[in-house]
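Q: With the input below, show me the fold.
(chains A and B)
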Amino acid sequence: MTFASANPAAGPATSERLPVRLALIALACTGLAILVIAPLVVVFAEALRDGWSAALASLGNPDARSAIRLTLTVAAIAVPLNAVFGIAAAWAITKFDFRGKALLITLIDLPFSVSPVVAGLCIVLLFGANSTLGGWLVAQGHPVVFALPGIVLATLFITFPFVARELIPLMIEQGRAEEEAALTLGATGWRTFRTVTLPNIRWALLYGVLLCNARAMGEFGAVAVVSGKIRGQTATMPITIEMLYNEYLSVAAFTLAAVLALLALVTLALKSLLDRQHADQIAAIGQP
Amino acid sequence: MHISIEAIAKTFGVTNALHPVSLSIPQGALVALLGPSGSGKTTLLRILGGLEQPTAGRILFDGQDVGRLSVQDRRAGFVFQSYALFRHMTVFENVAYGLRARPRATRPAPAAIAQRVTDLLRLIQLPDIGARYPAQLSGGQRQRVALARALAIDPRMLLLDEPFGALDAQVRKDLRAGLRDIHDQTGLTTIFVTHDQEEAMTLADLVVVMSMGRIEQIGRPKEIRQAPANAFVRAFIAS
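A: Residues are numbered from 1 along each chain as shown, chains lettered A, B, ... in the order given. This is a model prediction of the structure:
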């Protein structure tokens, strides 16, 4: 009461004065504009500098098509595999107690702390034609480095943490009680996983998969090392973009960059669409 | 079902959760495991249900050693402390879960499952909440749904971990009477864990007082109140 009578115009305790509010809003908008919106606009503007037909023509180039196909193939292999690995790792860490758990958690984070270039070099050292394993694989007709398997391996390594990182905090918070309840009711381990664990983590899993996918399509450093950058064969979209840009083919480079950006935007749009459509359901089961 | 606990011990790493404890629970009894937190009562309950493996000792159900029996095969109706209802399923699906989880050969037909769930929801006096989700229920309703879900599998015994822990006083009183009724109707051997001596004394036929992983006294509420076995029991029931 005393607050209200002392200053009848005062709003809730959390609101700042108008100039402060305007300044903060301006700061946020400027940051967003410079860091996020401007680069996106520039990419699309550069791509369309010579008009739609020039942009579309550059996409008709066989190397560009090969790059798009390769990037989609790599994502299609790496993302489902890492979804499975991520679920398995999160499940093991949160539902069981075992020796070496702390070590496993650290290992999951390793790809975040190791430079992608170093990761790529490790794969070259392990599977390159000069190594024992790599030499044998090449002799069998299955080269890993400078070929699709190497690119997939590098992408798997780089994107490994995304799903697990998304799931672990949620699964820790949910605890083990529901799984234990299912077991006491006679459900097998697999049935418990399918009917209790998986439905409880589905939204976090989806977010993890979307993030993993975005990174899988955009990964440059590790893939650049292992792919050998063979145009039309092992050059993914990010690598082709860099090569085109270095050759001053900026329309072609930015058109491909725009396609990559569009793929990412589609991913984001998909995420927010799912958010909206399932808002009720998400609220009912008490999840993000 | 008669339950016999013979020198059951449990250690977690270097800590002794349970020193060897022995206890015989007659068929159809309503038993309270009473003690402060850390007394080992929940560990003992979880060992009975098959959720923890004892470090030593054995457990007999009607004379049969159940040490090798999996959680699923023990068929213990377990009510968890926070109820552990499946949050993404309706109340109906929660209660039906145990019946639907049975192997195909022994699984009831959908109509029979629906009938059983309806009967159970009537038994817990919440006949109209089948379509709701756990998040839409009050604490007391959740507790009763958890009880119905445990009863659905036609359990050999009921095990309840702090079943009234998270509820306010009036609801607590009502649900105590509810549990007593269900126990008397089903005749199931029922064991519940509590740290509330008044709850144990008013509800149970047999009270097992525990402290620091040991059983301090076993007896009827009256016996324990009139003749506490030692200083700990005397102090604990006075509190």
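Q: Restrict the longest helix seen in chain B to CA atoms and write it as PDB.
A: For chain B, the helix with the greatest residue count under DSSP state H is helix B:169-186. Included here for helix B:169-186 are C-alpha records, laid out as PDB according to Å, rounded to 0.1, in the frame of the first residue of the first chain:
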ATOM      1  CA  ALA B 169      -3.600 -33.500   6.800                       C
ATOM      2  CA  GLN B 170      -7.300 -33.900   5.900                       C
ATOM      3  CA  VAL B 171      -6.600 -35.700   2.600                       C
ATOM      4  CA  ARG B 172      -4.100 -37.900   4.500                       C
ATOM      5  CA  LYS B 173      -6.700 -38.900   7.000                       C
ATOM      6  CA  ASP B 174      -9.300 -39.800   4.200                       C
ATOM      7  CA  LEU B 175      -6.700 -41.800   2.300                       C
ATOM      8  CA  ARG B 176      -5.600 -43.700   5.300                       C
ATOM      9  CA  ALA B 177      -9.200 -44.900   5.800                       C
ATOM     10  CA  GLY B 178      -9.200 -45.600   2.000                       C
ATOM     11  CA  LEU B 179      -6.100 -47.800   2.200                       C
ATOM     12  CA  ARG B 180      -7.500 -49.700   5.200                       C
ATOM     13  CA  ASP B 181     -10.800 -50.400   3.300                       C
ATOM     14  CA  ILE B 182      -8.900 -51.600   0.200                       C
ATOM     15  CA  HIS B 183      -6.700 -53.800   2.400                       C
ATOM     16  CA  ASP B 184      -9.700 -55.300   4.200                       C
ATOM     17  CA  GLN B 185     -11.600 -55.800   0.900                       C
ATOM     18  CA  THR B 186      -8.700 -57.500  -1.000                       C
END
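Q: That helix - contacts with which helices or strands?
A: The elements that helix B:169-186 packs onto, with contact taken as 3 or more Cβ pairs under 8 Å, 6 or more residues apart in numbering or on different chains; DSSP states H and E, are helix B:139-152, strand B:157-161, strand B:189-194, helix B:197-203. Glycine gets a C-beta too; all of them are placed from N, C-alpha and C.
Q: which one of those lies closest to chain A?
A: Of all these, helix B:139-152 sits nearest to chain A, with 7.0 Å by Cβ to the nearest Cβ.
Q: what angle do the closest one and strand B:157-161 make?
A: Helix B:139-152 and strand B:157-161 are oriented at 150 degrees to each other (axes from the mean of the first three to the mean of the last three Cα atoms, to 10 degrees).
Q: Is there proximity between helix B:139-152 and chain A?
A: Yes: looking at helix B:139-152 against chain A by Cβ under 8 Å from any Cβ of the partner chain, the contacts come from B:149-150, B:152.
Q: circling back: tell me which residues in the longest helix of chain B are buried?
A: Residues of helix B:169-186 classed as buried by neighbour count (16 or more other Cβ atoms under 10 Å in any protein chain shown): B:171-172, B:175-176, B:178-179, B:182-183, B:186.
Q: Return the nearest residue of the stretch 1-150 of chain A with respect to chain B.
A: With distances taken as Cβ to the nearest Cβ, the stretch 1-150 of chain A approaches chain B most closely at residue A:97, which sits 9.2 Å away.
Q: residues near that residue, how many?
A: Neighbour count for residue A:97, taken as other Cβ atoms under 10 Å in any protein chain shown: 8.
Q: How about the one 3 residues further on?
A: For residue A:100, the number of neighbouring residues by other Cβ under 10 Å comes to 9.
Q: Then the one 5 residues further on?
A: Burial measure for residue A:105: 13 neighbouring residues, criterion other Cβ under 10 Å.
Q: Could you report the distance from residue B:124 to chain A?
A: Spatial separation of residue B:124 from chain A under the definition Cβ to the nearest Cβ, to the nearest Å is 16 Å.
Q: Flag every residue of chain B that's near chain A.
A: Contacts of chain B with chain A, taken as Cβ under 8 Å from any Cβ, map to B:49-51, B:71-72, B:74-78, B:80-82, B:84-88, B:97-98, B:101-102, B:133, B:135-136, B:149-150, B:152-153.
Q: Which ones among these lie within helices?
A: Among those, the subset assigned to helices under DSSP H consists of B:49, B:71-72, B:74, B:97-98, B:149-150, B:152.
Q: ranking these by neighbours, who comes first?
A: Across these, the neighbour count under other Cβ under 10 Å reaches its highest value at residue B:149, namely 29 neighbours.
Q: Do you know the pLDDT at it?
A: Per-residue pLDDT puts residue B:149 at 96.
Q: I'd say it and residue B:100 touch.
A: No: taking Cβ atoms under 8 Å as the contact criterion, residue B:149 and residue B:100 are not neighbours in contact, 11.6 Å apart.
Q: Quickly find the element holding the residue nearest to residue B:21 when sequence neighbours are not counted.
A: The shortest distance from residue B:21 to any residue other than its chain neighbours is 5.0 Å, reached at residue B:215 (Cβ to Cβ, 6 or more residues apart in numbering or on different chains). Under DSSP states H and E, the secondary-structure element containing residue B:215 is strand B:214-219.
Q: now that strand: how far from the chain's centre is it?
A: Between the centre of strand B:214-219 and the centre of its chain there are 18 Å (Cα atoms, centre = their mean, to the nearest Å).
Q: Not counting the helix or strand just after that strand itself, show me its contacts.
A: In the C-terminal direction, the helix or strand that comes right after strand B:214-219 (DSSP H and E) is helix B:221-226. Helix B:221-226 is touched from outside by B:200-202, B:204, B:207, B:209, B:217, B:233, B:237, with contacts defined as Cβ atoms under 8 Å, 6 or more residues apart in numbering or on different chains.
Q: among those residues, which ones are buried?
A: Those of the contacts of helix B:221-226 that meet the buried threshold are B:200-201, B:204, B:207, B:209, B:217, B:233, B:237, by 16+ other Cβ under 10 Å.
Q: now, which of those sits nearest chain A?
A: The shortest distance between chain A and any of the buried ones among the contacts of helix B:221-226, using Cβ to the nearest Cβ, involves residue B:204 and amounts to 21.9 Å.
Q: quick revisit: contacts for the longest helix of chain B next, please.
A: The list of residues contacting helix B:169-186 from outside it, by Cβ under 8 Å, 6+ apart, reads B:30, B:123-125, B:138-140, B:143-144, B:147, B:151, B:158, B:160, B:163-164, B:167, B:190, B:192, B:199, B:202-203.
Q: Would you mind checking those for buried ones?
A: Of all the contacts of helix B:169-186 considered here, the ones buried according to neighbour count by 16+ other Cβ under 10 Å are B:30, B:123-124, B:139-140, B:143-144, B:147, B:151, B:158, B:160, B:163-164, B:167, B:190, B:192, B:199, B:203.
Q: start to end distance for stretch A:171-188?
A: Distance between the boundary residues of stretch A:171-188 (Cα to Cα, to the nearest Å) amounts to 20 Å.
Q: got the buried residues for it?
A: By neighbour count with 16+ other Cβ under 10 Å, stretch A:171-188 contains the buried residues A:171, A:174, A:176-187.
Q: Reformat those as TSV; add secondary structure.
A: Converted to TSV, the buried residues of stretch A:171-188 look like this (DSSP: H, G, I helix; E, B strand; the rest coil):
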residue	secondary structure
A:171	helix
A:174	helix
A:176	coil
A:177	helix
A:178	helix
A:179	helix
A:180	helix
A:181	helix
A:182	helix
A:183	helix
A:184	helix
A:185	coil
A:186	coil
A:187	coil
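Q: Most widely separated two among the residues you listed?
A: Pairwise distances across the buried residues of stretch A:171-188 (Cβ to Cβ) peak at 22.9 Å, for the pair A:171 and A:186.
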